[in-house]
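Colleague: what follows is a protein structure lacking sequence information:
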């Protein structure tokens, strides 16, 4: 039997949302939960242009997190196992230099557009925009210098909603080819139950496209502990978006039933990952967008559960987004090593990126990612941790 100690909780006060939908079998958390301590700031190095980078340490409700101003990166995320033993369950580096030189988006905030845009081009209101090309012919995660490589302004807070950080970045008109100045605010909150909530908001002065997400690599057994193929994953998704040879969606919304992509009832990640399915062969594993059954919602609703049977750690995710990109760490090749001193090999971590669908600007029947002046982009994702 699982011993639950976390549930999906209230938003940071700035988000203006006071409650979120809980996963099946859980209840709403008490919005009067204790706010926790103010985050602690410390130096974390200097970039080549002299810009100083800082690290913030947050702790509340039994969860500990370290966040960098560079890329909004979650450098570590510590949660207890079924025996109360803590481990860092996110992949990353010890040094700023490694994040700058060779990071595959470890723990980073992603924008302007999470995932891929085919041909590095899109047309909006009759005008074509050419984007930064950094993934074969495509633009990936905002281009060669996306939000993951920017230094964010950071403000700490602590109050009834929890303890956390407000991160801000102003993306200039034309940055990486995207039109319009985009003013972005991302709020990380650890609440009194130890849940990690991300609130995204953005406004623009010209029509543009936006798709923000977080690229944390999870290993619930602990960073450097080996692969995640024994982790059990369940996703509330009956369809997914197959891709072409360059991992751009074909436009089809394919049923998962009868395929290796069926995680509706939960299964070990390694069960079907080596199946001779053309989509798995092309991507070298799972690297696809699942179409969440709930669609777009005003408040976060249940999307997925990840469980490590060895440690008993469980992570549930709720989101307002219509899609979830599951990436099984296919391109980790042993050339990078983390704080544990151990190398990261294929499958040693996985990403669950809440999002709109890849290549939506070029796929009119996908949910729109267009943002216009006078509108506010909003997205919320909640990670709820248990052990049992």
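Modeller: In hand now; what should we look at? What you are looking at is a predicted structure, and each value in this text was computed from that prediction instead of being measured.
Colleague: contacting residues around residue 269?
Modeller: By Cβ atoms under 8 Å, 6 or more residues apart in numbering, the residues touching residue 269 are 228, 229, 230, 231, 232, 233, 286, 328, 347, 350. Where C-beta positions appear, they are placed from N, C-alpha and C, glycine not excepted.
Colleague: among those, name the ones in helices.
Modeller: Among these, no residue falls in helices (DSSP state H).
Colleague: top of these by neighbour count?
Modeller: residue 328 (27 neighbours; other Cβ atoms under 10 Å).
Colleague: wait, what's in contact with it?
Modeller: 228, 269, 273, 285, 286, 287, 347, 350.
Colleague: over to residue 163?
Modeller: 35, 36, 37, 38, 39, 58, 59, 60, 156, 157, 189, 190.
Colleague: let's see 7 Å
Modeller: Residues near residue 163 by Cβ atoms under 7 Å, 6 or more residues apart in numbering: 35, 36, 37, 38, 39, 58, 60, 190.
Colleague: tell me where the chain has helices.
Modeller: With DSSP H applied, the chain shows helices at 96-102, 278-283, listed in chain order.
Colleague: tell me the buried residues in the first one?
Modeller: Burial within helix 96-102, assessed by neighbour count using 16 or more other Cβ atoms under 10 Å, is assigned to 96, 99, 100.
Colleague: just the shortest one next, same as before
Modeller: Buried residues in helix 278-283, defined by neighbour count with 16+ other Cβ under 10 Å: 279, 280, 282, 283.
Colleague: so of those residues, which two are at opposite extremes in space?
Modeller: 280 and 282 (7.4 Å; Cβ to Cβ).
Colleague: what residue is smack in the middle of the chain?
Modeller: Per Cα atoms, centre = their mean, the C-alpha nearest to the average position across the chain is that of residue 214, at 2.6 Å.
Colleague: what does stretch 57-64 rub up against?
Modeller: In contact with stretch 57-64 (Cβ under 7 Å, 6+ apart) are residues 36-37, 39-40, 65-67, 78-80, 162-165, 190-194, 196, 385.
Colleague: and those, which are buried?
Modeller: With burial judged by 16+ other Cβ under 10 Å, the buried subset of the contacts of stretch 57-64 is 36, 39, 65-67, 78-80, 162-165, 190-194, 196, 385.
Colleague: please flag which of those sit within strands.
Modeller: 65-67, 78-80, 162-165, 190, 196, 385 (DSSP state E).
Colleague: show me what contacts the residue of the chain positioned farthest from its centre?
Modeller: In the chain, the residue that sits farthest from the middle, by Cα atoms, centre = their mean, is residue 126; the gap is 31.5 Å. Residue 126 sits next to no residue when contact means Cβ under 7 Å, 6+ apart.
Colleague: need the per-residue pLDDT for it.
Modeller: Residue 126 carries a pLDDT value of 98.
Colleague: show me what residue 351 is bridged to.
Modeller: residue 327 (DSSP bridges).
Colleague: now it: how far from residue 325?
Modeller: As judged by Cβ to Cβ, to the nearest Å, residue 351 and residue 325 stand 7 Å apart.
Colleague: and what of residue 372?
Modeller: Computed as Cβ to Cβ, the residue 372 to residue 325 distance reads 25 Å.
Colleague: same deal with residue 291?
Modeller: Per Cβ to Cβ, residue 291 is found 11 Å from residue 325.
Colleague: what confidence value was assigned to residue 101?
Modeller: Predicted confidence (pLDDT) for residue 101: 96.
Colleague: so where is the chain shaky, pLDDT-wise?
Modeller: 1-35 (pLDDT under 70).
Colleague: quick revisit: the contacts of residue 328: which two are farthest apart?
Modeller: By the measure Cβ to Cβ, 228 and 287 form the most distant pair in those, at 14.2 Å.
Colleague: what is the end-to-end distance of stretch 175-183?
Modeller: 12 Å (Cα to Cα, to the nearest Å).
Colleague: and the contacts of that stretch?
Modeller: Identification of contacts with stretch 175-183 by Cβ under 7 Å, 6+ apart yields 112, 129-132, 142-143, 145-146, 170-173, 202-208, 210.
Colleague: for it, buried residues please.
Modeller: So, applying 16+ other Cβ under 10 Å, buried residues of stretch 175-183: 175, 176, 177, 178, 179, 180, 181, 182.
Colleague: greatest separation within the residues you listed: which pair is it?
Modeller: 177 and 181 (13.9 Å).
Colleague: and the contacts of stretch 175-183, which are buried?
Modeller: Applying 16+ other Cβ under 10 Å to the contacts of stretch 175-183, the neighbour count classes 112, 129, 131-132, 142-143, 146, 171, 202-204, 206, 208, 210 as buried.
Colleague: ok, so of these, who is nearest residue 367?
Modeller: Each of those was checked against residue 367 using Cβ to Cβ; the closest is residue 210, at 12.3 Å.
Colleague: thought the closest one was touching residue 376?
Modeller: No. Look at residue 210 against residue 376 with Cβ atoms under 7 Å: they stay out of range, at 10.4 Å.
Colleague: tell me who's in contact with residue 109.
Modeller: Counting by Cβ under 7 Å, 6+ apart, residue 109 has contacts 71, 72, 147, 148, 186, 214.
Colleague: any idea what it is bridged to?
Modeller: For residue 109, the beta-bridge partners under DSSP bridges are residue 214.
Colleague: and it, how far is that from residue 209?
Modeller: 17 Å.
Colleague: surely residue 125 and residue 207 touch.
Modeller: Yes. Residue 125 is within contact range of residue 207, at 5.8 Å (criterion: Cβ under 7 Å).
Colleague: coming back round to it: JSON lines for the buried residues of stretch 175-183, including distance to residue 367?
Modeller: Below are those laid out as JSON lines (distance: Cβ to Cβ, whole Å):
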{"residue": "175", "distance to residue 367": "24"}
{"residue": "176", "distance to residue 367": "22"}
{"residue": "177", "distance to residue 367": "22"}
{"residue": "178", "distance to residue 367": "19"}
{"residue": "179", "distance to residue 367": "20"}
{"residue": "180", "distance to residue 367": "20"}
{"residue": "181", "distance to residue 367": "24"}
{"residue": "182", "distance to residue 367": "19"}
